[in-house]
Structure formats: structure tokens, C-alpha cells
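Trainee: Coordinates for the following, if possible.
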Amino acid sequence: MSQIVTIAKEEWRYWLRSRLVKIGLIVFALLLILTSALTASRVSEIRHDREHQQEKAEQSFREQPDRHPHRMVHYGHYAFRAPTPLAQFDPGVDAVTGQSIFLEGHRQNSAMFAEARGNARAGGFGSLTPALIYQLFLPLLLIAIAHAAIVREREAKTLVPLMSQGVNGPALYLGKGLAILALIMGLSLPALFGSSLAITQGESALTALSLYGSYCLYLAIWGSLILTVSCLVRSRGIALGLMLLVWIFSALVVPRIAVTWASYSLPSEGKIITSMRMNEDLRKLGDGHNAADPAFAKFRSNILAQYDVDSVDELPVNFRGLVAQQSEAELTATLNKYSEKRMSRELEQSTRLDRFGMISPYVAIGTASRSLAGTDLSTHHRFLRETEDLRFNFIQDLNKVHIKKLSYADDMARNKDEEAGKRARVSSENWQILQDFRFQPDTASTRFNRAAASLLSLLIWLLVILFIGLFTSRKLQP
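Mentor: Got it, this is the predicted structure:
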């Protein structure tokens, strides 16, 4: 063991004598610290802003004056998604999916306001996050520093003296590996700090530390791969060139192939065609604003039979409100059918893309990171479903007010004159039916389970490369 530690110390002395290594470490350390600080500050600002906007939207809805209840259906409401504490490390899909939705009757609006403003304020570098630096650029730094760790001994003719002193191949491999591991742990300190900060902001310790551990695992894969290649080749130039090819293939080529394959093998129907089909289905449901629409003839007959009356004027409730309630339920069921179909296809494509993690550790760490941070596609889909539940509930509650608090006669005469319009209004006290909305991330166990397959892929990568490296080092020759 002392032999391995001595080799690691000597490797560090060699690195610290290199001006290029020192400059590279300083530049990347500053880049990591600066990016982490900027991202944490921006995400914190966004979180407070969205929480404030959510409270303001709820207050604005509840403070509306006396109105016709259907006017409030169209007045609508906003729902905002505050970023999770770990979004300051990996924003994931949040930057492109949109984080707020306008909720109104008869429609399912898309999420809007993706974080383009943050990118603009950062001079075009807003997308440079700590996660991206760890995933894409730190492997390059490890390659630049450690690609010659073992092959250098062969080129400098120092391998024979080392072996003559009792240093075998595996000991040399593990000693160099210990030096690289120490380097990785030093470079991962900003990630550890970010995870600790997230814990103080309410994040689960299991999730935060799992995210930190996943990046240490990912960088360890690159470190072991660098050492293994350094054992196999006989030239620094070949080692560097080969590792750069591996990096290009893993970080640039495979992700592009994965995205193309997922889109090609599971094509999504175009938005225009989907909208046309959906609108055709919606037209069959009838116009909920028109109680005399033929589509509601059977519904009218059932209601009259239920209350044992001959006309809607004799009903003890407002028939227009009943039609609005029935129409909203049927319309929402149709909208949800198309929405679930779209989200199901998106999730299938995402799952197919994630399988490429067995080919590229870059894909695997991206999937694990987004899942653990609560910024993945599944979390966005849950946000859409929860906001749709919020929309449907407050619209139907308003329709209940329409049914019970406003007479059919006053409703039908609401446009006759100003006084009739006033009689068709209900008290603003009814607007208190709106529920508070605070989107919460999934539990730690749920997120960990979603990341488990990708974490297993990373672990398999590391074990396989270590096995190959140690086996190769046993046959190490000068």
C-alpha cells in the first residue's frame, strides 16, 4: 500500500512541476466556481420570483369583483413551477420546456417562458452549467493531464528501474489511479458544495449526495479509461489522440445518434395534424356556451327526467351551468387523451435515448443527473398533469357556482340591460374556491429509482474498465 501511495505522490509532483497542468487546473477551478456561483444565484432568483408570482396570481384571482361565474372561467389563472434546489447544478430540460402555464376554461395551454432571459443576461453563456462542465469538459482536462501517466514511464525508460525495485504493473496502475482519484476528488469539491447547499435549501440528503457520487463515478470512469489506454500504447501522441477520439465518440457522436434514432424509430405525429384531429373530436362534443346545442339534447332529457320537470325553466338549478359543467368534463377528457398520448410518446423516445448509456457514459450521467436533480422529462410531465388537475378543479368549482348561485332566468336575461347584467353576477366570495398550488419535486426514492438504471450503467462501465486495466497492467512491459 505504501508503494501505491508513493507512486501517487510522485505523479502529483510531476504534475505540479508542469506549468500547463497548473494553468489548466486553475482555469477549470475558476470556471467551475464561477459557473456554480452564477447558476446558483440565477436559480435562487428565479425560484423566489416564481413563488412570488404564484402568490400574486392567487391573490389576484381571489380579489376579483362580483362577476358572472363564466367570466371567471375565462379570466383564468397562472401556475408556476419553481426550480428544485438541485436545478442550480443541473437545470436539465427546465431551460427549454417552459415553467408557467395559463389555466383557463375549455383549453389546455402549453407551458411557456423558457429561460431565454438567463442566457441573454449571461452574454450567451447562460447554458454553461456546472453539470455541463463536469459532463463535457472535465474529462478533457483529465485526458490532458493524465494521458501519459504510464506511457511516459515507458518513453522515459524509467519503467525498468521501477520494476527492478519491486513495482509490478498492477501497483503502478493503482498508484497512478490513486493520483487521478485525488485529482478527481479535488475537482469535484464545487459539486460537493453545491449538493450541500441544496440540502440546506430543503433537498433530500440522499438525492443530493447521490448526485455528487454519480459525478465522481463518471469522472472515475474517464480516469480508469485514460490509465488503461496509457498501459496499452507506446506513445504519448497515440494515447492523447486515442482518448480524444473516445471523448468525441462518447460525448458528441453517440448522443446525436441516440437522438436521431429515438426520433426515427418512434416518430411523433406533427402538431398540425394532431390539432386537426383533436379539434374534429371536440366539435362533436358540442358548444358548451350554447345550452340549446343539439349535442346536449340527450343530456337535457336526462336532467329533466331526473328532476321530474317539463322544461329547463322549472329546474331548481341553472341548466346553463349544468351544460357548462358537462361540456368541460367531456372536453377535458378528450384533451387529456391527446395530452397523455403525446407525453407517452415523448417518454418512450426519452427511454430509448437513455438506453445508449450502455454505449456512452456521457449519456448515462446526463440521464442520472437530470433524474436526481428533478429536472427530467418525467418531472415536467407531472407538472403538466398537476396543473391540469388544478385547472379542471377550479373551472368545475366555478361551474358549480354557476349552477347553484345564479338563476336560469337571470342568466338568460343578463344582456337585456345594465340592471339585468348586475343580477347575473355572483358574490366575489365564491372566488375563494381556488386552491393554492406549490409544485414539489418527487421524493428522493422516486428520483433515485428513475436514475438507478443509468447509475448501474456507470458502475458497470467502471468495473469493466478497471478489470481490463488491471489485467493489462499485469502484462505491462518496458
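Trainee: The residue nearest to residue 294 when sequence neighbours are not counted: what secondary structure?
Mentor: In space, and not counting its chain neighbours, residue 294 is closest to residue 286: 7.3 Å by Cβ to Cβ, 6 or more residues apart in numbering. To be clear about C-beta, it is placed using only N, CA and C from the backbone, and glycine gets the same treatment. With DSSP: H, G, I helix; E, B strand; the rest coil as the basis, residue 286 sits in coil.
Trainee: how much space between residue 286 and residue 325?
Mentor: 13 Å (Cβ to Cβ, to the nearest Å).
Trainee: next one: residue 469
Mentor: In terms of Cβ to Cβ, residue 469 sits 67 Å off from residue 325.
Trainee: So these two - more neighbours on which side?
Mentor: Neighbours per residue (other Cβ atoms under 10 Å) separate residue 469 from residue 325, with residue 469 holding more: 27 against 20.
Trainee: didn't the more buried one look like it was pressed against residue 224?
Mentor: Yes. With contact defined as Cβ atoms under 8 Å, residue 469 reaches residue 224; the gap is 5.6 Å.
Trainee: Now do the shared contacts for those two.
Mentor: Common contacts of residue 469 and residue 224 (Cβ atoms under 8 Å, 6 or more residues apart in numbering): residue 177.
Trainee: so who does residue 28 touch?
Mentor: For residue 28, counting by Cβ under 8 Å, 6+ apart, the contacting residues are 133, 137-138, 141, 187.
Trainee: Would you reformat those residues as CSV and include pLDDT and secondary structure?
Mentor: Output for those, formatted as CSV (pLDDT from 0 to 100; DSSP: H, G, I helix; E, B strand; the rest coil):
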residue, pLDDT, secondary structure
133, 94, helix
137, 93, helix
138, 94, helix
141, 94, helix
187, 90, helix
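Trainee: Give me the pLDDT value at residue 477.
Mentor: On pLDDT, residue 477 comes in at 71.
Trainee: since we're on it, how many residues are nearby?
Mentor: Neighbours of residue 477 under the rule other Cβ under 10 Å: 9.
Trainee: State the distance from it to residue 150.
Mentor: Taken as Cβ to Cβ, the span from residue 477 to residue 150 is 11 Å.
Trainee: now what about stretch 426-439, what contacts it?
Mentor: 51, 54, 58, 61-69, 72, 77, 79-82, 383, 386-387, 390, 393-394, 397-398, 401, 405-406.
Trainee: So how do I select the buried members of those in ChimeraX?
Mentor: To isolate the buried members of these in ChimeraX, using 16 or more other Cβ atoms under 10 Å:
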select :54,58,61,67,68,69,72,77,79,80,81,82,383,387,390,394,397,398,401,406
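Trainee: Narrow the contacts of stretch 426-439 to those in strands?
Mentor: Among the contacts of stretch 426-439, DSSP state E puts 77, 79-80 in strands.
Trainee: Redo those as a markdown table? Include distance to residue 213 and pLDDT.
Mentor: Listed next are the ones in strands among the contacts of stretch 426-439 as a markdown table, based on distance: Cβ to Cβ, whole Å; pLDDT from 0 to 100:
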| residue | distance to residue 213 | pLDDT |
| --- | --- | --- |
| 77 | 40 | 95 |
| 79 | 34 | 95 |
| 80 | 31 | 94 |
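Trainee: Quick check: of the residues you listed, which lies closest to residue 309?
Mentor: Checking those against residue 309 by Cβ to Cβ gives residue 77 as the nearest, at 35.1 Å.
Trainee: who touches the closest one in this structure?
Mentor: 57-58, 61, 102-104, 390-391, 394, 434.
Trainee: For residue 372, give me its contacts.
Mentor: 86, 207, 210-211, 214, 447-448, 451 are the contacts of residue 372 under Cβ under 8 Å, 6+ apart.
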